[in-house]
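S.K.: this is a predicted model, with the sequence first.
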Amino acid sequence: MTESPKAAVRISRYSSSFMSVTFCEASTAQLKSLTAELPGGAIAGLIGGDAAAISDVLSLVAGSMQPACGVVEASEPRRALGPDDPFNLAPAGVLTIHHTFSRHSELVRGRARLGLERLRRGGSTILVASNEQELLRELCDELWWFEEGQLRSKGDPGEVLAAYNHDVSQRLRAWAAGVQQSLTPAMRRGDGRAQLLGIELLDSAGQPAIVWQAGEEVAIRVTAGFQQAVDDPVVGIMIRTRIGFEVFGTNTELEALRLGPAAAGEKIAVTFAFRCELCPQDYTVTAASHDPDGLWHDWMEDAIAFRVVDSRYTAGVANLRARVTATRT
């Protein structure tokens, strides 16, 4: 149902068991024809790249904005919390929370979660806008995902987050494909007999990429240029997390690939190919050319950074892709 061009905002004053929020073809300058409903006693999380549309949804529910067309129904009393507001969790028909959790301590956040559960049990309708996925997963009965002014998906938090994260990872990979890879080592040392000329991060298509998809075939290519003759050079890599935890390291000696002897003026490109079974987070690559006894020709510490993305949350560093079964007795 659409009421156009005249808008309508209807306030219901039912008992707590009938508290709810309803949108029927509601539009603003940023929001396109939203039709959705959230019953009393439910918490919906709002997520997505369209911050303006999400802000308008909350403003419509709180009553601080009128729709340009369409209908918005909301229970009274209504309360809106913004980023800098304290958690006022007195009884309300409808409560909107706009990035309020991000500014508070864990103690305050814990108290707020308990308070929201109390409101939920009392029949309040609650909408929470946040970029904290674990918070939304813990709090919400359903998620509303907004993109380009529209409600793109609405439903189970786990399913919506999986779809949202997949979309974000694809957009991030598309953006990163045009980003120039640059070497910015935290430290560089060696005797100069060889010089690392390049460290390239390659995706499954063999193209430069600073964002990898978990599970794809990837590679790190290290190119060394030899200033002097070296009888038995070894080229190696080390992958670390952003905080310096060593995830994986190998070199040509460990992999039984002999490179020498290398003549002065010669260049050797070594490619380390593997399946990216890493959890989503940021990583760095250290690379080196050295003698078998460990004497460095050139060592570049944390020379280049990359990010791993995935459509689902996994904790830790190694994605072991567990197969889970259960039996009942």
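M.R.: Thanks, I have the structure now. Numbering: from 1, shown residues only.
S.K.: surely Q195 touches M300?
M.R.: No: with contacts counted by C-beta atoms under 8 Å, Q195 stays clear of M300, the gap being 9.8 Å. Using the backbone N, CA and C atoms, a C-beta is placed for each residue, glycine as well.
S.K.: more crowded one of the two?
M.R.: With neighbours defined as other C-beta atoms under 10 Å, Q195 and M300 compare such that M300 has more, 24 against 17.
S.K.: tell me the SS of the more buried one?
M.R.: Judged by DSSP: H, G, I helix; E, B strand; the rest coil, the three-state class of M300 is strand.
S.K.: residue closest to the middle of this structure?
M.R.: Closest to where the C-alpha atoms of the chain average out (C-alpha atoms, centre = their mean) is N165, at 6.4 Å.
S.K.: dihedrals phi and psi, that residue?
M.R.: phi -70, psi -40 (degrees, to the nearest 10).
S.K.: could you find the closest non-adjacent residue to it?
M.R.: Leaving aside its sequence neighbours, N165 sits nearest to S311 (C-beta to C-beta, 6 or more residues apart in numbering; 4.8 Å).
S.K.: also C24?
M.R.: C24 sits nearest to V71 (C-beta to C-beta, 6+ apart), 4.3 Å away.
S.K.: next one: F23
M.R.: Nearest to F23 is L34, by C-beta to C-beta, 6+ apart, at 4.5 Å.
S.K.: what sits against the one you found?
M.R.: Applying C-beta atoms under 8 Å, 6 or more residues apart in numbering to L34 gives the contacts 23, 25-27, 57, 70, 150-151.
S.K.: low pLDDT regions in the stretch 151-300 of the chain?
M.R.: Within the stretch 151-300 of the chain, no range satisfies pLDDT under 70.
S.K.: now the strands for it?
M.R.: In the stretch 151-300 of the chain, the strands defined using DSSP state E, counting those that start in this stretch lie at 187-189, 194-202, 211-213, 217-226, 234-241, 246-251, 267-275, 281-290, 296-309.
S.K.: now do the domain split for this protein, please.
M.R.: For the chain, the domain assignment from automatic domain parsing gives the residue ranges 8-168, 187-309.
S.K.: distance from the chain centre to the first one, please.
M.R.: Read that as domain 8-168. 21 Å (C-alpha atoms, centre = their mean, to the nearest Å).
S.K.: also the shortest one?
M.R.: Here domain 187-309 shows a centroid-to-chain-centroid distance of 27 Å under the convention C-alpha atoms, centre = their mean.
S.K.: one step back: closest to S102 out of the strands of the stretch 151-300 of the chain?
M.R.: The closest of the strands of the stretch 151-300 of the chain to S102 is strand 281-290. By C-beta to C-beta, the value is 19.8 Å.
S.K.: now do the buried residues in stretch 278-292.
M.R.: Neighbour counts using 16 or more other C-beta atoms under 10 Å place 278-280, 283-291 of stretch 278-292 among the buried residues.
S.K.: check those residues and tell me the two furthest apart.
M.R.: Pairwise distances across those (C-beta to C-beta) peak at 36.8 Å, for the pair P280 and D291.
S.K.: hang on, isn't A29 packed against A68?
M.R.: Yes: if you go by C-beta under 8 Å, A29 and A68 touch, sitting 7.0 Å apart.
S.K.: more neighbours: the two, which one.
M.R.: Legend: neighbour count by other C-beta under 10 Å for A29 and A68, higher for A68 (15 against 11).
S.K.: flag every buried residue along stretch 221-228.
M.R.: Residues 221-226 are the ones in stretch 221-228 that count as buried (16+ other C-beta under 10 Å).
S.K.: ok, and the closest non-adjacent residue to A318?
M.R.: Distances taken as C-beta to C-beta, 6+ apart put E277 closest to A318, at 6.4 Å, once the chain neighbours are dropped.
S.K.: what is the neighbour count of that neighbour?
M.R.: Neighbours of E277 under the rule other C-beta under 10 Å: 15.
S.K.: residues contacting S153?
M.R.: Contacts of S153 (C-beta under 8 Å, 6+ apart): 143-145, 160, 163-164.
S.K.: which stretches of the stretch 51-200 of the chain form helices?
M.R.: With DSSP state H, counting those that start in this stretch as the criterion, the stretch 51-200 of the chain has helices at 51-62, 106-121, 133-139, 157-176.
S.K.: list the contacts of the second one.
M.R.: Helix 106-121 is touched from outside by 41-43, 87, 89, 91-92, 95, 100-101, 104, 126, 138-139, with contacts defined as C-beta under 8 Å, 6+ apart.
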